[in-house]
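> Next comes the sequence, and after it the predicted model I'd like to discuss.
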Amino acid sequence: MIMKKLILLLLLIPFISFGQNLNGYKYLITNDIVYKDGSINQFNIDKIFKESFRKKGFIILESSTLSSEDEKRLLSTDYFCKILTLGISHTGVSVGRNTVNFKLFNCNGDVVFSGSGGATTTSFQSDLNVATRRSLKSFDKISYTFNESMTPIEKDLSFDLSYLNVDSKSEESIRNYLDSKEINSIEGIWEYSSSDNSNYKLAITKEGYKYNATILEGVNRWRPGELKAVIEPSASNAIKTIRWTMGDKKTVVKAIAKVTNNALMEFELKNPNNQSSDLSKTILYKSYPSLEKTNERNISINSKWAGNGSGIIISKSGYIATNHHVIKDANKIEVEFNYEGQKSNFNAEVVQVDKINDLAIIKIFDMKFDGLENVPYNFKTRSSDIGTDVFALGYPKALTSMGTDIKFTDGRISSKSGYQGDITTYQTTTAIQPGNSGGPLFDTNANLIGINSAKIVADDVEGVSYSIKTNYLLNLIDVLPKTIMLPNDTSLSNNPLTEQIKELSKYTVLIKVK
């Protein structure tokens, strides 16, 4: 008798556990079942699921009937993790046994409940009806009462685009980044169209040789800033390899995309978790920047340059320190600074890079450049303290809106470690913008203490910038093919700040790339 009770208890545990798992959810989003021929909900098994969940007490939300305002509201923090998303799949066997499977996903992409049922009856429609009811058998037995205290907390799955000085959750930030450079690749804002009736807006940005596609506007479990796909080039510009993350946020499907004019991508996806052999035809089309806008930019006065950054001269022979991301993939580099009393431009080439720490050394190679008499600042190799007064020099947005005159901003060191505790950088309150990247961070004794690299762009964060410490730059200088003498001039240390800025500006360069 005791053994029978123990067996009964063990059999009941899964149902009790599932019921507790579901009590933290209030809403159920159902997606249309779309078939290869374009038909929707052809066999009406979705109605059986909806009725079963409605009877249990869930509020049913049909994705096909939600307005854009409804979707924005449901994606808000107050609602999002109270929502379950229903995924349904079934086999298509004309003679034999058919199965129906369903999964319930929460806001973090976790499967919190699933069911499967099979049937062999007198017709395919009857098979699906019976199999659907059997798949819901364990669900129908659970006890459900909504309890907000059991609602899960959403995980932050946003993708970090800080290496571009971009906030991955902000379309405005993405647009500013795109406006700052000449686009001749698939980089841009893309709209998603598919036979599954889902709608996304994606930002595609370049990282090294590959491209990251992050969500700008999502649907169901997808939130702004999350990574949807990684796109890699092939031997032909007309073909790309796509690793696409499916709706469960876990399954990654590889597909080959046909690319037309860097403005249209077409590919087909097969979900390995779906027993159907149907392929989902997917189209991505670029919505920003427009081809017309790109053409307008190409004929503007600064159109020959894809972008700009800043740098600091570190030797009399013309070696210059900057960020790796400033000169990455550049076919031509030109530097501009005040040379022998007038603004001059010189050709430069990459000499050494440190991709991990986002640093690079370039050097002037130009017949017009005969070297410098001195470099009047001190290269500091030891760490500076929190609270140290600092200032940045550079050329933010020099080729678009802010002009090519040097810009000064000041602040203090607020932390001796950077983003997520990165010990290679300082966190400062010094305001920097796109184009400041690679420029110098000085203290008020004319010591070079860092290379400006990034800032946080977010509605709830202000006055946070990052600069790479000079001791990490020193490691890169040590592996140069030719030994250089580091600047060690302290003559400016007691001068007024205005005099320091006037002198140090002569050695802070505008870097233009294409």
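Okay, I see it. Numbering: from 1, shown residues only.

> What are the structural domain limits within the protein?
Following automatic domain parsing, one finds the domains of the chain at 2-150, 162-297, 307-513.

> With respect to D156, which of those domains lies nearest?
Closest to D156 of those is domain 162-297 (CB to CB; 8.5 Å). Heads up, the C-betas are built off the backbone N, CA and C, glycines and all.

> So for the closest one, mean pLDDT?
Mean pLDDT, domain 162-297: 80.

> Touching stretch 106-117 from outside, list them.
With contacts defined as CB atoms under 8 Å, 6 or more residues apart in numbering, stretch 106-117 is touched by 18, 21-22, 25, 80-81, 83-85, 99-105, 130-139, 152, 154-155, 157, 221, 248-250.

> And the residue nearest the centre of this protein?
Centroid check for the chain by CA atoms, centre = their mean gives F159 as the closest residue, at 3.9 Å.

> wouldn't it be in contact with R223 here?
No - when contacts are counted by CB atoms under 8 Å, F159 is not listed as touching R223 (10.8 Å).

> Mind checking which of the contacts of stretch 106-117 land in strands?
83-85, 99-105 (DSSP state E).

> quick one: which of these is most hemmed in?
V100 (28 neighbours; other CB atoms under 10 Å).

> Which strand residues bridge that one?
Beta-bridge partners of V100, counted by DSSP bridges, are H90, G117.

> any idea how far S135 is from it?
5 Å (CB to CB, to the nearest Å).

> Buried residues, stretch 132-141. List them.
Within stretch 132-141, the residues that count as buried by 16 or more other CB atoms under 10 Å are 132-136, 138-139.

> and D478, how many neighbours?
Residues near D478, counting by other CB under 10 Å: 10.

> Then K316?
14.

> tell me the contacts of it?
Counting by CB under 8 Å, 6+ apart, K316 has contacts 371-375, 485.

> same deal with G57?
144-146.

> Show the model's pLDDT score for it.
pLDDT, G57: 94.

> Quickly note the distance from it to K82.
13 Å.

> Not counting sequence-adjacent ones, nearest residue to E62?
Nearest non-adjacent residue to E62, counting by CB to CB, 6 or more residues apart in numbering: T30, 5.5 Å away.

> can you check L86 too?
T30 (5.0 Å).

> so what's the backbone phi/psi at that neighbour?
Torsion angles at T30 (phi, psi; degrees, to the nearest 10) stand at phi -110, psi 130.

> for F365, same thing?
Residue torsions, per degrees, to the nearest 10, at F365 are phi -120, psi 90.

> Against P496, how distant is it?
Relative to P496, and taking CB to CB, F365 is found at 36 Å.

> Looking at these two, which is more packed in?
Using other CB under 10 Å as the criterion, F365 and P496 rank with F365 on top: 13 against 10.

> The more buried one and V335 touch, don't they?
No - between F365 and V335 there is no contact under CB under 8 Å: 10.5 Å.

> next one: stretch 179-188 to chain centre, how far?
With CA atoms, centre = their mean, to the nearest Å as the basis, stretch 179-188 stands 16 Å off its chain's centre.

> For it, buried residues please.
Result for stretch 179-188 [16+ other CB under 10 Å]: buried residues 179-183, 186-188.

> where does the protein have low pLDDT?
1-20, 36, 38, 63-64, 66-77, 194-199, 218-221, 271-280, 291-303, 455-462 (pLDDT under 70).

> need the next SSE after the lengthiest strand in it, C-terminal direction.
For the chain, the strand with the greatest residue count under DSSP E is strand 342-354. Following strand 342-354 in sequence order, the next helix or strand is strand 359-364 (DSSP states H and E).

> strands paired with that next one, and their directions?
Strand pairing (DSSP bridges) places strand 359-364 next to strand 319-322 (antiparallel), strand 342-354 (antiparallel).

> Quick check: F337 vs Y395, distance?
10 Å.

> returning to what we had before: determine the number of other residues adjacent to the spatially closest residue to the residue nearest to the centre of the chain that is not a sequence neighbour.
Spatial nearest neighbour of F159, chain neighbours left out: L227 (4.1 Å); criterion: CB to CB, 6+ apart. Neighbour count for L227, taken as other CB under 10 Å: 17.

> Three-state assignment for L227, please.
With DSSP: H, G, I helix; E, B strand; the rest coil as the basis, L227 sits in strand.

> check contacts around it.
Contacts of L227 (CB under 8 Å, 6+ apart): 157, 159, 212-215, 245.

> From those residues, list just the buried residues.
In the contacts of L227, the ones that pass as buried (16+ other CB under 10 Å) are 159, 212-215, 245.

> any idea which of those residues is the one closest to I511?
N212 (24.3 Å).

> Now do the SS call for the closest one.
strand.

> Same question for the one 3 residues further on.
In the three-state summary, I215 is assigned as strand, counting by three-state DSSP.

> what residues are up against it?
200-203, 222-228.

> for L157, same thing?
108, 223, 225-227, 249.

> Do you have the strands of the stretch 351-500 of the chain handy? List them.
Secondary structure of the stretch 351-500 of the chain (DSSP state E, counting those that start in this stretch): strands located at 359-364, 378-379, 389-394, 407-415, 425-428, 440-443, 447-455, 465-469.

> same check, this time on the stretch 201-350 of the chain
210-217, 227-233, 239-245, 252-260, 264-269, 280-288, 307-313, 319-322, 333-339, 342-354.

> Just give me how far stretch 325-333 sits from the chain centre.
That offset, for stretch 325-333, works out to 21 Å (CA atoms, centre = their mean).

> Please name the bridge partners of I59.
With DSSP bridges as the rule, I59 is bridged to Y27.

> if I look at it, how far off is Y27?
Distance from I59 to Y27, by CB to CB: 5 Å.

> ok, those two, which is more surrounded?
A direct count of neighbours by other CB under 10 Å for I59 and Y27 places Y27 higher, at 17 against 14.
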